[in-house]
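> Here is my input, please return the structure:
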Amino acid sequence: MRQVWIPRPGPPEVLELRESADPDPGPGDVRVRVEAVGVNYGDIVARLGLYREMPPPLVPGYEVAGRIDAVGSEVSSEWVGRDVLALTHFGGYADVVCTPAFRVQPRPPGMSALEGAALPINYLTAYLMVERMGGLKSDETVLIQGAGGGVGTACVQLARRIGARVIGTASAGKHDFLKSSGVDVCIDYTREDFEERVREVTGGRGVELVLDSRGGKSLKKSCHCLAPTGRLGVFGMSEVATGKAHGWLGALRAAWSPRLRFTPPALMKGTFGVFGVNLGNLWGESDRVNRWSRTLLEYYQEGSIRPVISRSFSLDEAAAAHHYIEERHNIGKVLLIP
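Below you'll find the model as predicted:
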């Protein structure tokens, strides 16, 4: 078995490829020969040493796709040979993984391993923000920060499925793709004040839902974009990626400033809601996660969602994959191919 380890906090170059014996599945586990691995911002946060629940050393990776080649004593042998997608509580950067059988879903006909690895984390996050917690309706407008990223493109597809109006922020080089994907208004956050543009295109009213992936200084401005009864969903802190250039303390400052205080009087005065999504806190909610996953697979089969894959890297190019995301090159999902 080959695995990519984070031995200590640091830049992408700290990632190490190591070899060890293939694992044997536990009683309730399946073993997957991995064909594709999803790369997420959570992996970068863990590499920077900012994931408090799972400090280095560790093998990152939340999601894989491949074929089951062995099962534990409590799992039906009928699973052997099935093509699946699976969630992993870290440990996914590998060519072989063992994971509990209840975290595995069969891949529907026509879904490739690349799509299978690109779907779980991004689309579950997007589903919770757009439908479950964000409650977006067809007569509403959503602002998606980082609309060109893996989660961002998933949010765009789910919002278009609902029929809502979509405003997306991204660098100018991603606008043509986003417009072709159904984004109604594209804002270049590197050159434009997105708060002013949102007010301009909504006639000063604001939007019903803001999905903020950036954190840091953008969060306060995102709040200012909300219309009455609006909701602010926070699902990332991509400003942490600047930590590569400015060091660990720079990343920490980006992650935690400014400190917004959503006090009861402030929330009631503004008449808005705030929520956050981190799938890492839902590992104990397997029944609900599986139900949401099945819903997303139904959306895939009806053709309303399709993972957007930006680029694939080999397992020994994990550092280059992290650089690629941190430098904002990706439109959609980045994968590792063992």
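
> helices or strands up against the lengthiest helix in the chain?
Assignment by DSSP state H gives helix 286-302 as the longest helix of the chain. Using 3 or more C-beta pairs under 8 Å, 6 or more residues apart in numbering; DSSP states H and E, the elements in contact with helix 286-302 are strand 104-106, helix 120-127. Placement of C-beta: from N, CA and C, glycine included.

> Packed most tightly, which of the ones you listed would that be?
The highest mean neighbour count among the helices and strands packed on helix 286-302, using mean count of other C-beta atoms under 10 Å, belongs to helix 120-127: a mean of 25.

> which residues touch the helix or strand that that helix is followed by?
Next helix or strand after helix 120-127 toward the C-terminus (DSSP states H and E): strand 141-144. With C-beta atoms under 8 Å, 6 or more residues apart in numbering as the test, strand 141-144 has contacts from 130, 134, 136, 152, 155-156, 159, 164-169, 183, 194, 198, 202, 207-211, 222, 225.

> What pairs with strand 141-144, parallel or antiparallel?
As defined by DSSP bridges, the strand partners of strand 141-144 come to strand 165-169 (parallel), strand 207-212 (parallel).

> Direction-wise, compare the last one with helix 120-127 and give the angle.
What it means is strand 207-212. Angular relation of strand 207-212 and helix 120-127 on a 0 to 180 degree scale: 150 degrees, by axes from the mean of the first three to the mean of the last three C-alpha atoms, to 10 degrees.

> quick check: longest strand of the protein.
Secondary structure of the chain per DSSP state E: the longest strand is strand 29-39.

> Could you pull out the buried residues of that one?
Using 16 or more other C-beta atoms under 10 Å as the test for burial, strand 29-39 gives 29-32, 34-39.

> ok, now stretch 161-170?
Buried positions in stretch 161-170, judged by neighbour count with 16+ other C-beta under 10 Å: 161-162, 164-170.

> how long is that stretch end to end?
21 Å (C-alpha to C-alpha, to the nearest Å).

> Likewise for stretch 160-172?
Span of stretch 160-172 from end to end, C-alpha to C-alpha: 21 Å.

> Let me see the ranges of the helices in the stretch 151-300 of the chain.
With helices called from DSSP state H, counting those that start in this stretch, the stretch 151-300 of the chain shows them at 175-180, 194-201, 218-224, 243-256, 264-270, 286-302.

> for the stretch 101-250 of the chain, which spans come out with low pLDDT?
Scanning the stretch 101-250 of the chain for pLDDT under 70 picks out 237-250.

> This structure - how does it break down into domains?
What automatic domain parsing lists as the domains of the chain is 2-119+307-337, 122-279.

> how far is the last one from where the chain is centred?
So the one you mean is domain 122-279. Averaging C-alpha positions (C-alpha atoms, centre = their mean, to the nearest Å) puts domain 122-279 13 Å from its chain's average.

> No further queries at this time; thank you.
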